[in-house]
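Undergrad: Got a sequence here, can you build the structure:
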Amino acid sequence: YLNNPNGFDNFTQIGGTHLPNFEDQNVTIISDIGGISPNFPTLICKTFTATEFIFIETNMNFEYLDGNSFRGCSKLEFLQLVNNNLMSLSEDTFVNNPHLLRIFLFSNKLEVLPPNIFTSLSELIELNLSSNRLIEVNSNSFPSSIQALSLNDNKIHAIDPQVFIKNAVNLRFLALERNV
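TA: Numbers count the residues shown, from 1 in each chain. Below is the predicted model:
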C-alpha cells in the first residue's frame with residue numbers, strides 16, 4: 001500500500017514480506033499496489049530491479065511521470081497504468097526502459113504527448129492511449145516498431161500525415177474511433 005498524497009520521492013525503504021527463498025531481486029511483477037500518490041516513486045524500481053511487468057489499474061491518482069519514475073526498471077517490458085489521473089509525461093519518462101514492448105495508459109487525462117517521448121523505444125509494438133484528452137498527434141510521436149496504436153475516445157482533431165509515412169511504418173492496427 002502506498003500512501004503518498006504529497007508526491008514525496010524521498011523514501012528510503014519499502015516494507016513487506018517475501019515468499020520463502022525470494023528476495024527483492026526476484027520480483028518481476030508489480031501489480032495494484034493500492035493507495036494514493038501523484039507520482040510513481042523512484043524507490044520502487046530501485047528496489048525491484050528485475051521488474052518486467054507493472055500493472056496498476058486502481059485509481060492511484062498518478063498525475064505525472066518523469067525520467068525518474070521507472071529508472072532502475074531497465075528490464076521493464078509491459079507497463080499498464082490505467083484509470084488514474086495521469087495528466088503529464090515528460091519527454092524522458094521512458095528513457096531508462098529500452099525493452100518496453102507494450103504501454104497501456106488508457107483512461108487517464110493526458111492532453112499532450114511530448115515530442116519524441118516514444119521514439120527511443122525501438123522494441124515498442126503496442127501503445128494504447130485511448131480515453132484520454134489528446135488533441136493532436138505529431139510526426140515524432142511513435143517509433144517505427146509500433147504495430148498497434150489505439151487513440152480512440154480522445155479529442156484528436158489533427159494527425160500529422162508524417163506519423164504514418166516517416167515513423168509508424170510497421171503499423172498494422174490503428175483505432176481512432178470517437179474523436180472530434
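Undergrad: does Gly35 have beta-bridge partners, and which?
TA: Counting by DSSP bridges, Gly35 is bridged to Leu2.
Undergrad: hang on, it packs against Met60?
TA: Yes: the pair Gly35 / Met60 is scored as a contact, 6.5 Å apart, by Cβ atoms under 8 Å. C-beta here means a position set from N, CA and C on the backbone, and glycine is covered the same way.
Undergrad: ok, the two, which is more surrounded?
TA: Met60 (23 against 13; other Cβ atoms under 10 Å).
Undergrad: before we move on, which element is that one in?
TA: Under DSSP states H and E, no helix or strand contains Met60.
Undergrad: just checking, it touches Ser37?
TA: Yes: here Met60 reaches Ser37: they are 5.8 Å apart, a contact under Cβ under 8 Å.
Undergrad: hang on, Leu127 in a helix?
TA: No: read with DSSP: H, G, I helix; E, B strand; the rest coil, Leu127 is strand and lies in no helix.
Undergrad: Now do the contacts for it.
TA: By Cβ atoms under 8 Å, 6 or more residues apart in numbering, Leu127 lies in contact with Arg102, Ile103, Phe118, Phe142, Ile146, Ala148, Leu149, Ser150.
Undergrad: Sweet, I'm off.
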